[in-house]
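model this:
(one chain, ligands or ions: 2)
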Amino acid sequence: MAATRVRCCHSNAAFTRLPLTRHRNSPTLPISLNRVDFPTLKKLSLPIGDGSSIRKVSGSGSRNIVRAVLEEKKTEAITEVDEKGITCVMKFGGSSVASAERMKEVADLILTFPEESPVIVLSAMGKTTNNLLLAGEKAVSCGVSNASEIEELSIIKELHIRTVKELNIDPSVILTYLEELEQLLKGIAMMKELTLRTRDYLVSFGECLSTRIFAAYLNTIGVKARQYDAFEIGFITTDDFTNGDILEATYPAVAKRLYDDWMHDPAVPIVTGFLGKGWKTGAVTTLGRGGSDLTATTIGKALGLKEIQVWKDVDGVLTCDPTIYKRATPVPYLTFDEAAELAYFGAQVLHPQSMRPAREGEIPVRVKNSYNPKAPGTIITKTRDMTKSILTSIVLKRNVTMLDIASTRMLGQVGFLAKVFSIFEELGISVDVVATSEVSISLTLDPSKLWSRELIQQELDHVVEELEKIAVVNLLKGRAIISLIGNVQHSSLILERAFHVLYTKGVNVQMISQGASKVNISFIVNEAEAEGCVQALHKSFFESGDLSELLIQPRLGNGSPVRTLQVEN
Ligand SMILES: Nc1ncnc2c1ncn2[C@@H]1O[C@H](COP(=O)(O)OP(=O)(O)O)[C@@H](O)[C@H]1O
Ligand SMILES: N[C@@H](CC(=O)OP(=O)(O)O)C(=O)O
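Ligands and ions are numbered 1, 2, ... in the order given. Predicted coordinates:
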């Protein structure tokens, strides 16, 4: 990997010179200006440092110069860089680094982009996170003397030791971690409890191990790499264990640490995905399952990179989950809103919060297949051409619980709605889909943040108990949400087609909602019927010709059709 080298700093009597480097493809985007964070600098209008604001930042493509003029302090910074800085972030999920063989392929893949200097974000190897969680649950009841024999612990040890051997790297990079993991499981066995905080610490071993192995491997093949634990480099989160939210302070802290290190001693940063540090407790937190995508987009925004790449085991975001229907095809373009909605409604391919930093930083996200790098993948941007777009993807969220809540009329309608939602707020449970009538509400509960079955039941009992103080509650389990992500400007066409399919299949829709986000129509069906519905909907929307031909001509006030077909963007 080429290094960034500062060649000269001009002097000018009127100005103080500050070190500043520039982004390769974006000459006006400097990388660091003393202690000023990059996104702030990029916006140009915000106050920086001790109250100065940037008047002008300009660059020259040919001479690789970036110039920043700071208003009040009359400070100018000019730095000339003859090679590139960090250009993109590449995240590889568990499936992409599941074995030594896969790690070699990922290393080769990174090296096929010599023009890039990436930050690499890794998830835990293969199913390691699931195995860690299972090991933790078993430890609670297995007794201290049996903790070392937990099957999942052996699987984790065996996988990592075999990987280290096959990659020919020094096993000491992971042995202390494996010993510590065993100690932790013994501790859980001794305490006979697994708190959410301990659970997060437990699963953090997955990413801590995979990144250490991969960084060591890159170093053995002559690519200088440096491992980072996200919780040590400024990933600050709320203290919501198992579901931490990234706090704003993360961006400048991460940018500073990565760029300072890069400037002093360039090496490919290999960062643990999924992990953070609680701002009050200082303990390790996690960002929710699949959270490494969010780590990657956070780094992308922090460094103001030109692209965020998330490498998966599928050819991009597909028209539906390929495990439900294998004729799913890649969606070439998505907006941040569509991708966020798709993720929120259960498409495992992206973490629900991961689009937020990318959208804020306006950084394109590319979803690629590490098993098939030639496939173009999906590119996610702020806007896209929606002219012919009707339906983009069908998403299924299983294991949904629906609540029918009918008011006992002790409260007026407004008070009733407010009271119901305050109960959910107090219990920290989010609601997915809502439909209301004058005296009743139907809604579905989001199961994604609950990690174990016992917890779901516990929380449900509590919700019902609270709601029964003001309403008659009917709890309906075994439901599924089918979400149609698409151009809701054509909702009539989408609904007409969707209901025709469901009617033909004899499926009764139990609730329907059209999101205010204008990209999503959701309906609730029995879980047992849901997969069949997705398959039938996919056939109808994606396998029966060009739907845009069906768009009805808008009609004039007198009912006669207008001459040209207009499709709103
Ligand atoms: N609409 C969709 N498009 C692509 N993949 C999907 C979709 N819905 C669900 N998936 C599932 O998401 C998986 C990829 O996400 P994930 O397992 O989190 O990847 P990684 O661990 O590599 O980050 C795919 O293997 C696929 O089964
Ligand atoms: N290892 C964590 C975080 C993650 O992002 O994983 P993946 O990228 O493999 O979905 C998990 O399994 O949840």
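
okay, now the closest residue to ligand 1 within the chain: neighbour count?
Residue of the chain nearest ligand 1, by Cβ to the nearest ligand atom: G93 (2.1 Å). Where you see a C-beta, it was placed from the backbone N, CA and C, and this is true even at glycine. By other Cβ atoms under 10 Å, the residues close to G93 number 23.

run through the residues of the stretch 1-150 of the chain sitting next to ligand 2.
93-94, 123-124, 129 (Cβ under 6 Å from any ligand atom).

hang on, the earlier thing: the residue of the chain closest to ligand 1 contacts A296, correct?
No: applying Cβ atoms under 8 Å as the test, G93 and A296 come out as separate, 9.9 Å apart.

shared neighbours, the two?
V310 (Cβ atoms under 8 Å, 6 or more residues apart in numbering).

which residue, other than its chain neighbours, is closest to the residue of the chain closest to ligand 1?
S123 (4.9 Å; Cβ to Cβ, 6 or more residues apart in numbering).

again with G532
K505 (6.6 Å).

which bits of the stretch 251-400 of the chain sit near ligand 2?
So the stretch 251-400 of the chain meets ligand 2 at 273-274, 289-292 (Cβ under 6 Å from any ligand atom).

M90 contacts P118, doesn't it?
Yes: M90 is within contact range of P118, at 4.6 Å (criterion: Cβ under 8 Å).

assign a three-state SS to the closest residue to I379 other than its chain neighbours, would you?
Leaving out its chain neighbours, the residue that sits closest to I379 by Cβ to Cβ, 6+ apart is R366, at 5.3 Å. Under DSSP: H, G, I helix; E, B strand; the rest coil, R366 falls in the strand class.

measure how buried R366 is and give me the count.
18.

tell me the bridge partners for it.
Beta-bridge partners recorded for R366 (DSSP bridges): Q309, I379.

ok, and the closest non-adjacent residue to D170?
Nearest one to D170, counting by Cβ to Cβ, 6+ apart, is A216 at 6.8 Å.

before we move on, which element is that neighbour in?
helix 196-220 (DSSP states H and E).

pull out the buried positions in that helix.
196-219 (16 or more other Cβ atoms under 10 Å).

one more: stretch 486-500?
486-491, 493-495, 497-498.

okay, V464: pLDDT?
On the pLDDT scale, V464 is placed at 88.

and it, what is it in contact with?
403, 473, 475.

surely it is in a helix?
Yes: assessed by three-state DSSP, V464 belongs to a helix.

is the nearest residue to V472 once chain neighbours are set aside in a helix, a strand, or coil?
Leaving aside its sequence neighbours, V472 sits nearest to A406 (Cβ to Cβ, 6+ apart; 4.7 Å). Here A406 is strand, with the state taken from three-state DSSP.

who does A406 bridge with?
S440, V472.

number of nearby residues for it?
15.

in the stretch 351-500 of the chain, which residue sits nearest ligand 2?
Counting by Cβ to the nearest ligand atom, the stretch 351-500 of the chain gets nearest to ligand 2 through H351 (6.7 Å).

for the nearest residue to R162 once chain neighbours are set aside, give me its contacts.
Among residues not flanking R162 along the chain, A100 sits closest, at 7.1 Å (Cβ to Cβ, 6+ apart). Residues in contact with A100 (Cβ under 8 Å, 6+ apart) are 162-163, 165-167.

and A100, how far from ligand 2?
17 Å (Cβ to the nearest ligand atom, to the nearest Å).

need the phi and psi values for that residue.
phi -60, psi -40 (degrees, to the nearest 10).

out of the contacts of V464, which is nearest to N526?
L475 (14.7 Å; Cβ to Cβ).

so who does A339 touch?
So A339 contacts 317, 350, 355, 365, 380 (Cβ under 8 Å, 6+ apart).

6 Å instead, please
350, 355, 380 (Cβ atoms under 6 Å, 6 or more residues apart in numbering).

below-threshold pLDDT in the stretch 351-500 of the chain: ranges please.
409-414, 447-456 (pLDDT under 70).

what segments of it are strands?
365-369, 378-381, 391-407, 431-436, 440-445, 471-486 (DSSP state E, counting those that start in this stretch).

right, and these - which one's nearest Y251?
strand 365-369 (16.8 Å).

where does F113 fall, phi/psi-wise?
The phi/psi pair for F113 (degrees, to the nearest 10) is phi -120, psi 70.

just the pLDDT for it.
Reported pLDDT for F113: 90.

count of residues packed around it?
For F113, using other Cβ under 10 Å, the count is 14.

same check, this time on E179
11.

now the strand or helix carrying it: how far from the chain's centre is it?
Applying DSSP H and E as the criterion places E179 in helix 172-191. In terms of Cα atoms, centre = their mean, to the nearest Å, the centre of helix 172-191 is found 29 Å from the chain centre.

list the buried residues for that helix?
So for helix 172-191, counting by 16+ other Cβ under 10 Å, buried means 173-174, 178, 181-182, 184-186, 188-189.

now do stretch 228-240
Those would be 228-231, 233-237, 239-240, for stretch 228-240 by 16+ other Cβ under 10 Å.

tell me the one of these nearest ligand 2?
Of those, the one sitting nearest to ligand 2 (Cβ to the nearest ligand atom) turns out to be A230, at 11.3 Å.

just the helices in this structure please.
38-43, 100-111, 128-142, 151-166, 172-191, 196-220, 250-264, 292-303, 336-344, 355-361, 413-427, 453-467, 491-504, 527-542 (DSSP state H).

which of those is buried the deepest?
helix 292-303 (a mean of 29; mean count of other Cβ atoms under 10 Å).

how's the chain carved up into domains?
6-81, 88-384, 392-550 (automatic domain parsing).

now the stretch 151-300 of the chain against ligand 2: closest residue?
Counting by Cβ to the nearest ligand atom, the stretch 151-300 of the chain gets nearest ligand 2 through S292, at 3.2 Å.

now do the contacts for the residue lying closest to that residue once chain neighbours are set aside.
Excluding its sequence neighbours, the residue lying closest to S292 (Cβ to Cβ, 6+ apart) is G273, at 2.5 Å. Going by Cβ under 6 Å, 6+ apart, G273 touches 121-123, 207, 292, 295.

tell me the one among those nearest to P266.
V121 (18.0 Å).

quick one: the closest one and K91 touch, right?
Yes: if you go by Cβ atoms under 6 Å, V121 and K91 touch, sitting 4.1 Å apart.

find residues that contact each of those two.
Shared contacts of V121 and K91, counting by Cβ under 6 Å, 6+ apart, come down to 292, 296.

neighbour count winner among the two?
V121 (33 against 29).

what bridges to that one?
K91, V271.

show me the contacts for the spatially closest residue to G486 that is not a sequence neighbour.
In this structure, G486 finds its nearest non-sequential neighbour in L391, 3.9 Å apart by Cβ to Cβ, 6+ apart. For L391, the contacting residues are 484, 486, 541, by Cβ under 6 Å, 6+ apart.
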